[in-house]
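>>> Let's see this in three dimensions:
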Amino acid sequence: QCYAVAPSTVQSRDSNVIGGTQDNGSLFVNQMGNYAQDAIRIDGGDGGYAAISTYNPNAFFFEVYYAATVRSSNQATSAAGFFDDHIDPMGLAGSTQSFSSFVTPYLLWENLDPTKAMDTSFFLSINGSVWETKTALDFSVGPKWYKISNSNFLLAGECMGVTSDGKTLFVGTINSVSLGIGSVYRFSNLDYVNNNLDTTGTNYDLSTLSTPIKQIQFSFPGSEGQPTSISVDPNNGNHVIVTFGSYVTCPHIYVSHNALSASPTFTSIMGTGSGALPTTLPIYSSMIDKWDTSAYIIGTDQGIFSSPDGGITWTPDLNDFPRVPTLMIKQLTQYADGTPASDVYVGSHGRGFWKTSSLPLGINSVGSSNKIHITLYPNPTQDIVSFKYSLNKAENVSIDIFDIEGKLVKSIALGNLSQGAHTN
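Okay, here's the model as predicted:
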């Protein structure tokens, strides 16, 4: 049972993943075993969430039950916890349900906009509070954690989503004791948080201070059960999907197109007619395709379903994928060297980790409509290489050449070129 999946961001290692599993700890599939699907156990117990940095692909994050979260600077050769005394003053992480959910959600955000400075945040939701640190990737210091939620946030974290600019976080909650109906909250203006807010060690709880951070609770008409996933459009923070579990007859997936507004609204997108989802089908995971944002993928109790039209019609999208509960879906949209990506990774119940680049959603259709098709020869090469490529429209073109380790070898500025075929 794979609770989470996190893909490597190095293009040459694009089949490498880490993820948390029930009873088998956190696993690292690194393609170095006797078989391509062999995994290394990098942590014991029951694994949970996982993350790999785009800025530093050697930086891994993984956890054991009840938020025993660790970080590693060397692909899990060694790892250590990174909570401070504010987030866990009694040292309860990893030991009790009173501290956090069995599988604790966290999220590593990194700015991938090349026009802006490098920036990162690590968000974590435990029982009754949400926390943020800006230094999870700085292995030379013990991170300073800030509490960003106020007293109205009462339940345990269940899922998270964040806008591409890192300024707005969405958190789904669950009553970790009764497993009752949860809630979804929005935390905005998080660009206020920085490493210098607490120089005295007493101002870590931002809910006690006057800050621009705002917290609101969303409403989902007719929903039952617990929120299970939150997916934010990588291109538009107003476009958000929230899914719900439970076998109750009710909507299990909602969409908002104004999620950043003062009064956000969510509507059911269970589909219509023969393209409707079963009304009692729990949904556990979701994804909005970066390259075609009307295309959605969801993981359900019966495998994967997809919609090409914003949730109007849904179809089973198994295509050799097993009909099993699908607990996490993640799209890798950019490799560590800046190359665009569109690979989809899935964590399943009982059938391990899966990867595809060919779901019939327009995933990889970025290659047919937006990306430049390049053919190079000879390939591989040591010195001289020729490029053939075709442009869909006239535009300014440059070519970046990377070595097998992802290091930039040369940049070639070609200037403004006309539509059509070119050779260099």
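>>> Identify the residue spatially nearest to the residue nearest the centre of the chain, adjacent ones excluded.
Nearest residue to the geometric centre of the chain (CA atoms, centre = their mean): Lys330, 5.6 Å. Leaving aside its sequence neighbours, Lys330 sits nearest to Tyr345 (CB to CB, 6 or more residues apart in numbering; 5.0 Å). To be clear about C-beta, it is placed using only N, CA and C from the backbone, and glycine gets the same treatment.
>>> Would you mind measuring from the one you found to Ser8?
Here Tyr345 is placed at a distance of 10 Å from Ser8 (CB to CB, to the nearest Å).
>>> And these two? Which one has more around it.
Ser8 (26 against 22; other CB atoms under 10 Å).
>>> Backbone dihedrals for that one, please?
phi -70, psi 150 (degrees, to the nearest 10).
>>> Verify the stated contact: it with Gly19.
No - with contacts counted by CB atoms under 8 Å, Ser8 stays clear of Gly19, the gap being 11.6 Å.
>>> can you pull out the strands in the stretch 151-300 of the chain?
Counting by DSSP state E, counting those that start in this stretch, one finds strands in the stretch 151-300 of the chain at the ranges 156-162, 169-174, 184-188, 214-217, 227-232, 240-244, 253-256, 267-268, 283-288, 296-300.
>>> would you turn these into a markdown table with mean pLDDT, distance to His349 and mean neighbour count?
Formatted as a markdown table, those follow (pLDDT from 0 to 100; distance: least, CB to CB, whole Å; neighbours: other CB atoms under 10 Å):
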| stretch | mean pLDDT | distance to His349 | mean neighbour count |
| --- | --- | --- | --- |
| strand 156-162 | 93 | 16 | 25 |
| strand 169-174 | 94 | 18 | 26 |
| strand 184-188 | 96 | 24 | 21 |
| strand 214-217 | 95 | 30 | 14 |
| strand 227-232 | 97 | 13 | 25 |
| strand 240-244 | 97 | 16 | 26 |
| strand 253-256 | 97 | 19 | 24 |
| strand 267-268 | 96 | 25 | 14 |
| strand 283-288 | 96 | 9 | 24 |
| strand 296-300 | 96 | 10 | 26 |
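>>> So which of those is nearest Thr339?
strand 283-288 (19.9 Å; CB to CB).
>>> coming back round to it: export the strands of the stretch 151-300 of the chain as TSV, with columns for distance to Tyr65.
What follows is the strands of the stretch 151-300 of the chain, written out as TSV (distance: least, CB to CB, whole Å):
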stretch	distance to Tyr65
strand 156-162	12
strand 169-174	15
strand 184-188	23
strand 214-217	27
strand 227-232	18
strand 240-244	23
strand 253-256	28
strand 267-268	33
strand 283-288	18
strand 296-300	21
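>>> So which residues of the stretch 301-424 of the chain form strands?
So, for the stretch 301-424 of the chain - with DSSP E, counting those that start in this stretch - the strands run 303-307, 315-316, 326-334, 340-348, 353-356, 373-377, 386-391, 395-402, 408-417, 420-423.
>>> Would you mark the buried spots in the fourth one?
Right, strand 340-348. 341-348 (16 or more other CB atoms under 10 Å).
>>> Any idea how far apart the tips of stretch 53-66 sit?
Length of stretch 53-66, first residue to last, CA to CA, to the nearest Å: 22 Å.
>>> Please apply the same query to stretch 262-278.
32 Å.
>>> contact partners of that stretch?
186, 216, 218-222, 241-242, 251-256, 258, 279, 283, 296, 300, 305, 307, 310-315 (CB atoms under 8 Å, 6 or more residues apart in numbering).
>>> run the last query once more with 6 Å
Residues from elsewhere that reach stretch 262-278 (CB atoms under 6 Å, 6 or more residues apart in numbering): 220, 251, 253-256, 258, 311, 313-314.
>>> Same list (those) but as JSON lines, adding distance to Tyr49.
Formatted as JSON lines, the contacts of stretch 262-278 follow (distance: CB to CB, whole Å):
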{"residue": "Phe220", "distance to Tyr49": "23"}
{"residue": "Pro251", "distance to Tyr49": "26"}
{"residue": "Ile253", "distance to Tyr49": "21"}
{"residue": "Tyr254", "distance to Tyr49": "23"}
{"residue": "Val255", "distance to Tyr49": "24"}
{"residue": "Ser256", "distance to Tyr49": "24"}
{"residue": "Asn258", "distance to Tyr49": "29"}
{"residue": "Gly311", "distance to Tyr49": "26"}
{"residue": "Thr313", "distance to Tyr49": "32"}
{"residue": "Trp314", "distance to Tyr49": "27"}
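>>> Please report the distance of the closest residue to Val64 other than its chain neighbours from Val5.
What sits nearest to Val64 in space, not counting adjacent residues and going by CB to CB, 6+ apart, is Gly45, at 4.2 Å. Distance of Gly45 to Val5, computed by CB to CB: 18 Å.
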